[in-house]
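Trainee: Provided below are the primary sequence and the corresponding predicted coordinates.
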2 protein chains.
Amino acid sequence: MVQKIKKPVVKPDSTAKRRGRPRAYQPELALGKALDLFRKHGFAATSLDELSAATGMNRPSLYGAFGDKRELYIKSYARYRADARAAMQEIFRDELPIRKRLERIFAVALDIYLSGEAGPRGCFTVMTAASEAVADPEIRALVLEGFSELDDAFANCFRIAKKKHELPASADPVVLAQLASATIHTIAIRARARVPRKQLEAIVRGAIDLMLRA
Amino acid sequence: MVQKIKKPVVKPDSTAKRRGRPRAYQPELALGKALDLFRKHGFAATSLDELSAATGMNRPSLYGAFGDKRELYIKSYARYRADARAAMQEIFRDELPIRKRLERIFAVALDIYLSGEAGPRGCFTVMTAASEAVADPEIRALVLEGFSELDDAFANCFRIAKKKHELPASADPVVLAQLASATIHTIAIRARARVPRKQLEAIVRGAIDLMLRA
DNA sequence: TGTATTTTGTACCGTCTCGCATAATATGTA
DNA sequence: TACATATTATGCGAGACGGTACAAAATACA
C-alpha cells in the first residue's frame, strides 16, 4: 500500500464531524492572509492568483469558502474591523487619565498602520473609503459605519473625561472626537506614504496637546 | 553660416506651424479628462480603453502624447496639483483675517472634493497616497511633496496671523498647520464615502474654532 | 463493504488588459 | 508635383483576469 496520507495535523474546524473530504485550509487563517494582500495592494490590484497563492487555497476552494472576489474583500474588511476593535476596545473602556488613554490609542493605531514587512499598510477603512466606497453602496455603508464607530468611541472617551473633570465644562466631546478621528486619518494616510514613525508621533503629540488644552 | 538653425524652440502652441498631420486633440483638455477618470476610479481600475474613450484619443495617440499608463497617471497628478495650487494660492496669500481665510480655504477644498457628477472625487493626493504611493517611489515622492506643500502653506498662514496678533504668542504654527492638514485629510476621505457637505462643514467649523480658540 | 457527501486539483473559457506594429491620412517643404 | 514629417486609425498579440466545469480524492454513514 503506497498511500501517501496527507492528514490534516490540526482539525480545521475544531471538533465538528463534517461529512465529506476534510478541508485542507483554516478559514480564519486564510482570511487573514487575504486581508494582508488587500491591505497591501487594494482591491483592483490584487489578483485571485495572488490570493490563491497567499491563502494556500486553489481558486475553486476560495470561491466556495468566501464567494467571489468582492465578497472576499468585504469579509476581509469585516475581519480587519474586528481585529482593530479587539485591539482598541480595551483601551477605550479603560479608566486611565484621558491623556494616557489617548496616547495609548494612537500608539496602537500607529502599530496597526505601520505594520507590514513590505511597507506600511495604513488603515484599511481609509483605503477602502478612497477606492471602493464611491461606487459600491454596500461597501460604502460599512466604511461609514467604521467612521462612526471611531467617532463615537472617541466622543464617549471625552465625555467620560469631562465627567471626571479632566476637561473643562466648555469642551465639546463631539468636536474633540472629530479632531481625534482627523488625527487618526492623517497619520493613516501619511503612514501609507512612508512618513517615518517619529514624525507621525510628533503629529499625535501636537494634536493631544491641543485637544487637552481647554 | 547656417540659416536653418531655426529648430522649433517654441512649443507647438496654437499658432505654431507644425510639420505633419495636425493633432485632432488638445493635450491640456485630454489630460483633464484623464485626470477625471483617474480621480473617479483610481489607477488600477481605470483602463486604457476608458481613457481613450474619455479623451477622444485612440491608444497610440495617447501613448505618443503622454507615455504609458503610469506616466499618464503621474502627469494627471501633476495637473491636479497645479489646479489645486491655482485655486488655493490666492487665498493663502491673502491678507484676510485668519478665521475668514481658513473658512475660505476649507470651502474651496470642499468644492474640489465634492465635485464630480458621478459621485464626490475626494482629494487625489490622498487617494494616491492610499494606493500607489506605497510601492512606487517616484509617485510617493510626489505625494510627500503634496503633503509638505499643504503643511507649509498652512504654517505660513498661522505664522502671519501670529505676527498680526490674531493668535496668542503661545500658539505653535507648525502644530496648528498639522491640525489643519488633518482636517483637510479627514474631510477628503469622508467626502469620498459620500458624507454630506453639511456634516463636513460642521467638522470644519469645529476644527477652526479649536485652532483659533486662544 | 458500498454509497453519499464534500473538498481538492486541473484545466479551461471568454473577456479584458496593455502596449505596439502597420498602414492610411494630412500637413509643410523642396 | 514629390518628398519628409507627424498624427490618426485599425487591429493584433501575448498574457492576465475572474470565474467555473469536471473528475479525482477523502471522509462519514449505512
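Mentor: Okay, I see it. Residues are numbered from 1 along each chain as shown, chains lettered A, B, ... in the order given.

Trainee: got the residues of chain A near DNA strand C?
Mentor: With C-beta under 7 Å from any atom of the strand as the criterion, chain A meets DNA strand C at residues A:18-25, A:57-61, A:64-65. To be clear about C-beta, it is placed using only N, CA and C from the backbone, and glycine gets the same treatment.

Trainee: switch to 6 Å and redo it
Mentor: Residues of chain A lying near DNA strand C by C-beta under 6 Å from any atom of the strand: A:19-21, A:23-25, A:58-61, A:64.

Trainee: any of the residues you listed buried? List them.
Mentor: A:23, A:25, A:61 (16 or more other C-beta atoms under 10 Å in any protein chain shown).

Trainee: secondary structure element holding the last one?
Mentor: Element membership of A:Ser61, judged by DSSP states H and E, is helix A:59-66.

Trainee: picking that back up, out of the buried ones among the residues of chain A next to DNA strand C, who's nearest B:Ile184?
Mentor: For these, the closest approach to B:Ile184 (C-beta to C-beta) belongs to A:Tyr25, at 43.1 Å.

Trainee: could you measure from that closest one over to chain B?
Mentor: Distance, A:Tyr25 to chain B, using C-beta to the nearest C-beta, to the nearest Å: 27 Å.

Trainee: which residues touch that residue?
Mentor: Counting by C-beta atoms under 8 Å, 6 or more residues apart in numbering or on different chains, A:Tyr25 makes contact with A:12, A:55-57, A:61, A:65.

Trainee: can you rerun that using 7 Å?
Mentor: Applying C-beta atoms under 7 Å, 6 or more residues apart in numbering or on different chains, one finds that A:Tyr25 lies in contact with A:12, A:55-57, A:61.

Trainee: most neighbours of all those, which one?
Mentor: The member of those surrounded by the most neighbours (other C-beta atoms under 10 Å in any protein chain shown) is A:Thr55, with 24 neighbours in all.

Trainee: give me the spatial nearest neighbour of that one, chain neighbours excluded.
Mentor: Nearest non-adjacent residue to A:Thr55, counting by C-beta to C-beta, 6 or more residues apart in numbering or on different chains: A:Ala30, 4.0 Å away.

Trainee: which SS state does the residue lying closest to A:Val204 once chain neighbours are set aside fall under?
Mentor: Nearest residue to A:Val204 in three dimensions, chain neighbours excluded: A:Phe106, at 4.5 Å (C-beta to C-beta, 6+ apart). Using DSSP: H, G, I helix; E, B strand; the rest coil, the structure places A:Phe106 in helix.

Trainee: residues from chain A in reach of chain B?
Mentor: Proximity of chain A to chain B, by C-beta under 7 Å from any C-beta of the partner chain, involves residues A:42, A:44-45, A:119, A:122, A:126-127, A:129-131, A:133-134, A:140, A:143-144, A:147, A:175, A:178-179, A:181-183, A:185-186, A:189-190, A:192-194, A:203, A:206-207, A:210.

Trainee: please pick the buried ones from the residues you listed.
Mentor: A:42, A:44-45, A:122, A:126-127, A:129-131, A:133-134, A:140, A:143-144, A:147, A:175, A:178-179, A:181-183, A:185-186, A:189-190, A:192-194, A:203, A:206-207, A:210.
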